[in-house]
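[1] Give me coordinates for this.
(one chain, ligands or ions: 2)
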Amino acid sequence: MLEGIRAAIARFLSGGHYERAVDEFVRDLQRELLKADVNVKLVFQLSQRIRERALREEPPASVSRRDWFVKIVYDELSQLFGGDREPSVDPPRRPWVILLVGVQGSGKTTSAGKLALFYARRGYKVGLVSTDTYRPGALQQLKTLAEKAGAMFYGLDSGDPATIAYEGVEVLKARGAEVVIVDTAGRHGYGEEEALLEEMRRIAGRVKPDEVVLVIDAAMGQKAYDLASKFHKYAPVGGILVTKTDGTARGGGVLSAVAATGAVVKFIGYGEKLEELEIFKPRRFVARLLGLGDLEGILERLKAVEEARELEKAAEDIVRGKLNLRIVYRQLKTARKMGPLTRVLQMIPGLTLAPEVMKDAARLGEEKIDRWLAIMESMTYEELDNPDIVDKSRIKRIAIGSGTTTEDVRELLNYYKNLKNLVRKLRRDRRLLKKLGLELEELEEQG
Ligand SMILES: Nc1nc2c(ncn2[C@@H]2O[C@H](COP(=O)(O)OP(=O)(O)O)[C@@H](O)[C@H]2O)c(=O)[nH]1
Ligand SMILES: [Mg+2]
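    Ligands and ions are numbered 1, 2, ... in the order given. Next comes the predicted model:
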């Protein structure tokens, strides 16, 4: 899937006629996603949405249609794999007990070790519990992993798994574990899910885990949809861990299937080593799918355009006479985010507004802007909306609150006063205003 989609993007970017290129790209994408075992219905819906948006949406000024199209594809693919959701992985309470469930061979034991290392590296005291009494060597496998990960360990090679799980959790909690991970056997094969679910329910009933994490092998493909749904019905699955995304299946099928159930994929495993686990972020996954090279540059450019629009909006507010310190704050904050002001200003095509003001701002320097931002953060909304009320005693309070001096506060207030005078002058100058008015309308049409 990876290579195929990348190639399709490359073809698209070098292609001729836009509409034809879109059609061709959508066809390539469909083929690749189907090859990666993504559900037919999902693929169909996705390509329809992409086509529709590509032909309907006008890119913002200074963005090419092709770049905009790549962004649409990126958005929609990210949606397919879970959208903007960034999973929360830090336990909200301690101790935190995670129960790992899943079919045999899916990678539970390996993942238990990976999670142990993951949490240990985040500074938690971790404990691992082995309940696999069926497979010889299972206990030793997890014990070795625990040692490597620097985690405590509890396990017995015979007895009732639910009882072992319960005792293990109690023992490790008593020894100070903040995150306890319980590995289960899941000895049941495909098609024996009922028995597996029953055993899981029994263990969960004893242990009362804070979170159940379902481990799914990427090679499972679309079948993951049914499995995840079933598990979800039995016990609220808090998160999904997809293993073996380094294999031929790449996880496309599983990840899209799981996203479709509404469950959150929290982690993906991409190798046999303990470190080969990462938090799953749909957007990052898709970025990799599309080949970062093209995409990063395009997204950077789009981000700059978006930020330029924010600045323009602040400029509009000023012209419309809504000037107060809240607007100044927003403007400086945006400008600050975008890096050196002079460069930023050059990037903004529509910003012919009040060149004096912008030049003035460009001369400010970043350190001073940071100081002013801190000052405005220490002011009340009332003061921001109506800076005239800021008297001597307020100046003193604001300086102390923001860790600056009263001179700094006065300087900002002066800057504001000058800005206000300038805007007043601008508004009196009808010709300029008319020109600006025209430009603002043009901008609105484009947006
Ligand atoms: N390539 C690769 N292999 C994995 C990954 N996770 C687990 N495995 C392998 O999958 C096999 C089964 O793993 P195991 O943890 O014993 O599965 P369990 O039966 O669910 O406990 C082992 O050979 C692991 O090394 C992964 O992310 N990538
Ligand atoms: Mg195992």
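[2] Tell me the predicted confidence for the residue in the stretch 251-400 of the chain that ligand 1 sits nearest to.
    For the stretch 251-400 of the chain, the residue closest to ligand 1 is Gly269, as judged by C-beta to the nearest ligand atom, at 3.0 Å. Any C-beta I mention is one placed from the backbone N, CA and C, and that applies to glycine too. At Gly269, the pLDDT value in this model is 93.
[3] cool, Ser402 as well?
    92.
[4] can you check the one 10 residues further on too?
    Leu412 carries a pLDDT score of 92 in this model.
[5] Was I right to think it contacts Trp372?
    Yes - assessed by C-beta atoms under 8 Å, Leu412 is found in contact with Trp372 at 4.9 Å.
[6] can you give me how far stretch 260-271 is from the chain middle?
    14 Å (C-alpha atoms, centre = their mean, to the nearest Å).
[7] With stretch 370-378 instead?
    With C-alpha atoms, centre = their mean, you get 29 Å for stretch 370-378.
[8] can you list the residues that contact that stretch?
    325, 328-329, 332-333, 336, 364, 384, 397-399, 401-404, 408-409, 412, 415 (C-beta atoms under 8 Å, 6 or more residues apart in numbering).
[9] Can you list the buried residues in that stretch?
    371-373, 375-376, 378 (16 or more other C-beta atoms under 10 Å).
[10] now stretch 32-40
    Residues of stretch 32-40 classed as buried: 32-34, 36-39 (neighbour count, 16+ other C-beta under 10 Å).
[11] Can you check the distance spanned by stretch 253-271, start to finish?
    Using C-alpha to C-alpha, to the nearest Å, the end-to-end distance of stretch 253-271 comes out at 18 Å.
[12] residues contacting the residue lying closest to Glu276 once chain neighbours are set aside?
    Excluding its sequence neighbours, the residue lying closest to Glu276 (C-beta to C-beta, 6 or more residues apart in numbering) is Tyr270, at 5.1 Å. With contacts defined as C-beta under 8 Å, 6+ apart, Tyr270 is in contact with 244-246, 276-278.
[13] ok, and the most crowded of these?
    For those, the largest number of neighbours (other C-beta atoms under 10 Å) sits with Lys244, at 24 neighbours.
[14] ok, the nearest residue to that one once chain neighbours are set aside - how many residues close by?
    Distances taken as C-beta to C-beta, 6+ apart place Ala218 nearest to Lys244, at 4.7 Å, with adjacent residues excluded. Look at Ala218: counted by other C-beta under 10 Å, it has 26 neighbours.
[15] what's the answer for the one 3 residues further on, then?
    Counted by other C-beta under 10 Å, the residues lying close to Gly221 total 20.
[16] Settle this for me: Lys71 is touching Val305, isn't it.
    No - between Lys71 and Val305 there is no contact under C-beta under 8 Å: 10.5 Å.
[17] Those residues of the stretch 51-200 of the chain touching ligand 1, which are they?
    Within the stretch 51-200 of the chain, the positions near ligand 1 by C-beta under 6 Å from any ligand atom are 102, 104-110.
[18] Of these - the most surrounded one?
    Taking other C-beta under 10 Å as the neighbour criterion, Lys108 ranks highest of those with 26 neighbours.
[19] any weak-confidence spans in the stretch 1-150 of the chain?
    Within the stretch 1-150 of the chain, the stretches with pLDDT under 70 are 1-3, 15.
[20] just the strands in it please.
    96-101, 126-130 (DSSP state E, counting those that start in this stretch).
[21] What of the stretch 151-300 of the chain?
    152-155, 179-183, 211-217, 237-243, 265-269, 277-279.
[22] among these, where is the model least confident on average?
    With a mean of 90, strand 237-243 has the lowest mean pLDDT of the strands of the stretch 151-300 of the chain.
[23] Show the secondary-structure elements that it is packed against.
    helix 108-121, strand 211-217, helix 223-234, helix 252-261, strand 265-269 (3 or more C-beta pairs under 8 Å, 6 or more residues apart in numbering; DSSP states H and E).
[24] now that strand against helix 108-121, angle please.
    110 degrees (axes from the mean of the first three to the mean of the last three C-alpha atoms, to 10 degrees).
[25] For the residue in the stretch 151-300 of the chain that ligand 2 sits nearest to, list each beta-bridge partner.
    Nearest to ligand 2 in the stretch 151-300 of the chain, going by C-beta to the ion, is Asp183, at a distance of 6.1 Å. Taking DSSP bridges as the rule, Asp183 bridges to Ser130.
[26] Show only the entries of the buried residues of stretch 370-378 found in helices.
    371-373, 375-376 (DSSP state H).
[27] what's the closest of those to ligand 2?
    Nearest to ligand 2 among those, with distances taken as C-beta to the ion, is Leu373, at 53.1 Å.
[28] tell me, how many neighbours does the closest residue to Phe267 other than its chain neighbours end up with?
    Spatially, and ignoring its direct neighbours in sequence, Phe267 is nearest to Leu241 (4.4 Å; C-beta to C-beta, 6+ apart). Other residues within reach of Leu241, judged by other C-beta under 10 Å, total 25.
[29] what's near enough to touch the spatially most central residue of the chain?
    In the chain, the residue lying closest to the centroid (C-alpha atoms, centre = their mean) is Glu86, at 4.6 Å. Shown in contact with Glu86 (C-beta under 8 Å, 6+ apart): 279, 281.
[30] mind running it again at 7 Å?
    Lys281 (C-beta atoms under 7 Å, 6 or more residues apart in numbering).
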